[in-house]
Each structure stands twice: as C-alpha cells, then as structure tokens.
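Colleague: Here is my input, please return the structure:
(2 chains)
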Amino acid sequence: MSTVATGRPGRFAILANPTRFLELSGKIQPWLYALAALAILTGLTLGFMAPEDYQQGATVRIMFIHVPFAWLCMMIWTVMALSALGTLVWRHPLADVSIKAAAPIGAVFTVLALLTGSIWGRPMWGTWWVWDARLTSVFVLLIMYLGLIALTRALDEPGKAAKPAAILVLVGWVNIPIIKFSVDWWNTLHQPASVMRADGPSMPAEFLTPLLLSAVGFTLLFFALHLTAMRTEILRRRVEALSRLAARKAERGQSEVAA
Amino acid sequence: MSGDYTGFILAAYGFSALAIICLIIWIALDSRSQKRALADLEARGIRRRSDMKRDATVEGV
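Modeller: Predicted coordinates:
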C-alpha cells in the first residue's frame, strides 16, 4: 500500500484508498441511479406494450422482471467471487466491504427470482413449485446467501469474518454454472435458455428489447445500491473505530482523575 | 385472455416492487444513520488520523 502515500498512486491503489473511493463513488452514484430508473421504466413500459405471447398469453410480462432477477442473483454471486479473490489474493481493503454489502442485495433478488418464477409457474405449469434441478439449485443459492449474511454479521471484528466469507463465496461459486446449465443437464419443467445461446437469442425483438433494457436497468440498480451499501459499510467501520478510540480516551481520562 | 392472468401478473410485479422499495429504503436509512453517527463523533472532537493516510488496511478504514 506504499503507493498510496506517494501522491501518484496506480489505478488499483486509488480504489484501495477508502477516502478516494468515497469521493469517486459519490460522483458516480447519482448517475447510476438515474440511468437505472430510466432503463427499468423504458424496458417495463415497452414490455407492457408488447403483444401477448401466442403460448403463454399475458403471463409473458412476468418474464421482463423474472429473467433479470434470475440473471442478477447469479451475477451478484460472481461479483462477490471476484471480490473474494481481492480479499484472498491481493488483500484489497475494500474487497471484504464489497462482499458484505452485496450479500443482502443478492438475497433479495434471489427471493424475487424464486417468487416471480413461482407465480409464473402456477398458471403455466400448473404448480407453484417443483424440486427440479433449476429451482432447487437457485434455492440452494438463496440458502448460501443467507449463510453468508449471517457469517459477515456474526463477528464484531470485521477483519475476522473477511477470510471465511471469501472462502465460502469462492467455494459456493461452483453452484453458478450448475444453475446456468441445469436446464441442459437434467430434465426439468423450466424452459432452456432463450437469450444467451450459442446460436443467438431465440426471441422476437418486441420481447427481446424490453427484456434487455430491463436487465440492464436492474443491473445498474444493483451496482448503484452496492456502491451506496459499500460507502455505508466504510462509514460504519470508521464509526466503530472512532467509538473505540473515544472509549479508550474516556478510560484514560478516568484513570488520570482517579490517580 | 389477459383477464385470466391479471392477478398473477399484478402479484409478481407488486411483490417485486415492494421488496425492491424496502431494500432501497433500508440501504438509505442505514447510510443516513452511519453518516449521523460519524458527524456526531466529529462534533464531540473525536476525529480520525485520516490525512496521515497511514492505514489503508481494513482495520484503519
């Protein structure tokens, strides 16, 4: 970290300095929120203007939120896996902050992916839930998010939870390709991929455009919320450190009075 | 045809909107309370040795 003090830090070191990170993220943040809102609103509006699907009728509208949520719950774990490398390999001071801040957001989007899928499944499959490969692997992902939230918040000392949390995230990442390819590997009610396919998306533009806009919008929303949550986590650690400092000062003051 | 499914579509969008709004509010409130706590400490004259930029480690964040 010596580069931080030289005045001309490298790109990586700039982001390693929490104060610099707070400055930069503060500038980017409002733009991210604005772009996210714009993309989500445009995407969902176009989605409601799109014609009904010839097989699924109006329920195809659920796709414009369900697919982005499902995509996000996998992407957020991947973002955390990259952060975990930051913790374990480079000991990047913000990597652990990133994991702790992302976990609850990822859990919410995983719940929503399961919930909207379930609501879509009821009229289309005739059941709210089946224990098949896709649904079960996403359910396992939710359990892992909850475990990670517990782990990152169980210990008072933030540094102590950093390493086990990073290891859990990396080991748990094995589940992401399982989720992605579960529809190809096993028999399932869930339909196979329609967008990310080797031969290109198998969907007409009037569905694909709103879907992509909505996916971009929710992805931007995640990054905006993640930035805010990371900034808050940095402040929380400062508050904790300062409170300890204040307590030590008060103790010293008292012992001087007693002497 | 859409009439049969309106309830399902509304439920999916409704739950999603509710959950995301709650998430945004929680993150915003948490941010505000930490900012206040920090301002409160600084008002009491308790400051970081921040500009020394010595501690770039997590401990010193």
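Colleague: Verify the stated contact: A:Val183 with A:Ser194.
Modeller: No. Between A:Val183 and A:Ser194 there is no contact under CB atoms under 8 Å: 10.4 Å. The C-beta positions use only the backbone N, C-alpha and C, and glycine is treated the same way.
Colleague: Of the two, which one has the most company?
Modeller: Per other CB atoms under 10 Å in any protein chain shown, whichever of A:Val183 and A:Ser194 has more neighbours is A:Val183, with 17 against 14.
Colleague: looking at this, the more buried one is in a helix?
Modeller: Yes. According to DSSP: H, G, I helix; E, B strand; the rest coil, A:Val183 belongs to a helix.
Colleague: Mind telling me what element the residue nearest to A:Thr42 when sequence neighbours are not counted is part of?
Modeller: Closest residue to A:Thr42 apart from its sequence neighbours, by CB to CB, 6 or more residues apart in numbering or on different chains: A:Leu213 at 5.4 Å. According to DSSP states H and E, A:Leu213 maps onto helix A:205-258.
Colleague: Against which helices or strands is that helix packed?
Modeller: Helix A:205-258 sits against helix A:18-49, helix A:63-88, helix A:95-125, helix B:2-43, with contacts defined as 3 or more CB pairs under 8 Å, 6 or more residues apart in numbering or on different chains; DSSP states H and E.
Colleague: Now do the contacts for the residue most central in space within chain A.
Modeller: Chain A has A:Ile76 as the residue nearest its centroid, 3.2 Å off, counting by CA atoms, centre = their mean. By CB atoms under 8 Å, 6 or more residues apart in numbering or on different chains, A:Ile76 lies in contact with A:Ala102, A:Ile105, A:Gly106, A:Phe109, A:Phe222.
Colleague: residues from the stretch 51-200 of chain A in reach of chain B?
Modeller: A:52, A:57-59, A:61-62, A:65-66, A:69, A:93, A:96-97, A:104-105, A:108, A:111-112, A:115-116, A:119-120, A:122-123, A:158-159, A:162 (CB under 8 Å from any CB of the partner chain).
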